[in-house]
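*Asks:* What follows is a predicted structure for the sequence shown.
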Amino acid sequence: MKGLGLNLILGMASMAVMWYTCQAAAASNLHPLILVPGSGGNQLEARLTEGYKPSSLLCSRLYPPVKDKEGWFRLWFDPAQVVAPFTQCFAHRMMLYYDQILDDYTNAPGVETRVPSFGSTRSLMHLDPRLKRITAYMGPLVKSLEDMGYVDGETLFGAPYDFRYGLAGDGHRSYVGTKFIEDLKDLVENASTCNGGKPVILVSHSMGGLFVLQLLNRNPPSWRQQFIKHFVAVSAPWGGAVQEVHTLASGYALGVPLVDPLQVREQQRSSESNLWLLPSPKVFDGQPLVVTPNGTYTANDIEHFLNDIGFPEGILPYKSRIVPLLEHFPAPGVPVTCIIGTGVKTAETLFYDDRGFDRQPEIVYGDGDGTVNMVSLLALESEWADQANQPLEMIAIEGASHTSIIKDEDALNRIVDEISSINSYVFSS
């Protein structure tokens with residue numbers, strides 16, 4: 001009974017704090033705003049259970065030595081986890097496995113993962129709080145929004161997620177991705193409620209935009225009209241990117257010095273979201289993506305490409321789960337602004353010689369933001385050209401790269417100006 005009474009008191013205290021916060025937020029003239037990060041901009045923590053089978057003695061459950069009292073440790077991003085000789089441990093613990101019977105992806109056996117600070121922007125500021133300067137992510141954007149008057153947990157919220165997982169087409173199980181969409185929906189509704197019923201501004205970066213568009217289109221028009229003020233998509237890879245082809249073929253070093261791309265390639269191939277980010281046949285069509293002595297691959301040849309790079313197990317989930325997501329981008333009927341970087345050389349075609357895919361390719365570059373190709377950044381403009389009831393604005397920032405667009409002063413000013421404008425007027429519909 002004493003425990004029950006204490007829980008009741010704590011529960012009432014929590015409700016009182018929430019009520020106070022909601023009252024404070026409701027007094028603001030700003031529309032509540034939720035930040036949805038890009039793929040690598042999320043933090044990820046892990047815990048190893050007795051079911052964990054290390055890939056080597058070095059990667060036993062004793063590593064890393066620093067954990068919290070419940071056994072949780074930082075998995076992404078922690079420089080010590082990705083630098084040799086521990087790259088192997090990192091890659092093994094980050095692996096996903098596709099279960100054909102379950103028709104879903106799961107963690108490696110014995111590896112539990114969680115995403116810290118859902119609802120807050122705390123985990124979006126930087127990838128590693130111990131290295132704030134060199135791992136800064138959304139910190140500059142959050143600071144600019146706070147200068148506008150936004151307050152974390154009152155009018156400003158964050159929606160981090162496990163970036164290894166994605167979503168799947170109708171009729172396919174996608175527990176982790178679907179759970180994130182449900183949590184994001186709840187966050188939207190709570191943010192609106194705590195702000196006097198004001199609809200929410202959703203601001204995404206990179207892959208976060210794909211999740212937000214799915215959120216909007218998986219809910220009825222009445223819900224969107226009630227809860228969504230505006231959707232601002234920054235650097236969204238609507239039609240995928242050639243960089244993902246490079247990642248699956250030869251591995252990607254994560255931008256970390258001294259990391260061998262081949263050591264992380266298997267893990268990157270296992271990631272459901274990397275399949276989602278492959279170039280869409282609808283967007284890239286017949287553009288040559290990969291050229292080898294034996295032939296050329298376009299976005300229409302992804303299944304053959306996956307087989308030829310030695311990843312045939314990726315064909316079934318790609319064909320059955322991912323392709324339906326790439327075939328069309330329904331207009332959500334709420335105002336959308338796409339803010340993109342241009343004029344930055346971006347991988348467009350990869351050339352491999354007879355040594356195969358274990359070598360890094362020669363690259364021909366085209367326009368884009370350094371990560372996402374221009375045809376993908378502009379995909380909604382052509383896709384929604386005949387949608388008279390879909391407000392869409394495109395803002396291009398010359399020289400802004402995929403990551404600098406949310407850090408550099410000039411680009412930040414353009415983003416903040418757009419958010420300020422959204423707060424000050426009703427977008428025509």
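*Replies:* Received it, and whenever you're ready, just let me know what you need.

*Asks:* Could I get the average pLDDT for stretch 305-319?
*Replies:* The average pLDDT for stretch 305-319 rounds to 98.

*Asks:* So which residues make contact with that stretch?
*Replies:* Residues outside stretch 305-319 that contact it (C-beta atoms under 8 Å, 6 or more residues apart in numbering) are 98, 100, 105, 245, 248-249, 269, 272, 275, 278, 289-290, 294, 297, 302-303, 357. (Glycine included, C-beta is placed from N, CA and C.)

*Asks:* ok, the nearest residue to Leu326 once chain neighbours are set aside to His230 distance?
*Replies:* The shortest distance from Leu326 to any non-neighbouring residue, by C-beta to C-beta, 6 or more residues apart in numbering, is to Ser280 (4.1 Å). Ser280 sits 25 Å away from His230, taking C-beta to C-beta, to the nearest Å as the criterion.

*Asks:* in the stretch 151-300 of the chain, which spans are helices?
*Replies:* With helices called from DSSP state H, counting those that start in this stretch, the stretch 151-300 of the chain shows them at 175-193, 208-217, 221-227, 242-250, 261-270, 272-276, 281-284.

*Asks:* if we can go back for a sec, which of the contacts of stretch 305-319 are buried?
*Replies:* Neighbour counting over the contacts of stretch 305-319 (16 or more other C-beta atoms under 10 Å) leaves 98, 105, 245, 248-249, 269, 272, 275, 278, 289-290, 297, 302, 357 as the buried ones.

*Asks:* Poorly predicted segments of this protein, please.
*Replies:* Residues of the chain meeting the criterion pLDDT under 70: 1-27, 426-429.

*Asks:* One more pass at 80, please.
*Replies:* Within the chain, the stretches with pLDDT under 80 are 1-27, 81-84, 254-258, 425-429.

*Asks:* Could you tell me how many residues sit around Trp223?
*Replies:* The number of residues packed near Trp223 is 15, by other C-beta atoms under 10 Å.

*Asks:* hang on, I meant Ser39
*Replies:* 20.

*Asks:* rewinding a little: now, which of the buried ones among the contacts of stretch 305-319 sits nearest Val323?
*Replies:* Ile302 (8.5 Å; C-beta to C-beta).

*Asks:* So that closest one is in contact with Leu277, correct?
*Replies:* No. The criterion here is C-beta atoms under 8 Å, and Ile302 misses it with Leu277 at 11.7 Å.

*Asks:* related to what we said a few turns ago, so between Ser280 and His230, which is more surrounded?
*Replies:* Legend: neighbour count by other C-beta under 10 Å for Ser280 and His230, higher for Ser280 (26 against 23).

*Asks:* who touches the residue nearest to Ser60 when sequence neighbours are not counted in this structure?
*Replies:* Once flanking residues are discounted, Ser60 sits nearest to Pro54: 4.8 Å by C-beta to C-beta, 6+ apart. By C-beta under 8 Å, 6+ apart, the contact list for Pro54 reads 60-61, 89, 92.

*Asks:* What about the residues you listed, which one has the most neighbours?
*Replies:* Neighbour tally across those (other C-beta under 10 Å): the maximum, 21 neighbours, falls on Cys89.

*Asks:* Name the SS class of that residue, please.
*Replies:* Here Cys89 is recorded as helix under DSSP: H, G, I helix; E, B strand; the rest coil.

*Asks:* Return the residues in contact with it.
*Replies:* Counted by C-beta under 8 Å, 6+ apart, Cys89 has contacts 54-56, 58-59, 63, 81.

*Asks:* again, only this time at 6 Å
*Replies:* With contact taken as C-beta atoms under 6 Å, 6 or more residues apart in numbering, Cys89 is in contact with Cys59.

*Asks:* Can you tell me how far Asp99 is from Pro288?
*Replies:* From Asp99 over to Pro288 (counting by C-beta to C-beta), the distance is 34 Å.

*Asks:* Which one's more surrounded, these two?
*Replies:* Per other C-beta under 10 Å, whichever of Asp99 and Pro288 has more neighbours is Pro288, with 16 against 10.

*Asks:* Tyr297 is in contact with that one, correct?
*Replies:* No. Proximity of Pro288 to Tyr297 does not meet the contact threshold set by C-beta atoms under 6 Å, at 7.5 Å.

*Asks:* re earlier: in TSV, list the buried ones among the contacts of stretch 305-319 along with distance to Gly71.
*Replies:* Below are the buried ones among the contacts of stretch 305-319 laid out as TSV (distance: C-beta to C-beta, whole Å):
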residue	distance to Gly71
Tyr98	27
Tyr105	23
Val245	37
Leu248	32
Ala249	36
Arg269	28
Glu272	26
Leu275	31
Leu278	35
Leu289	43
Val290	42
Tyr297	44
Ile302	39
Phe357	38
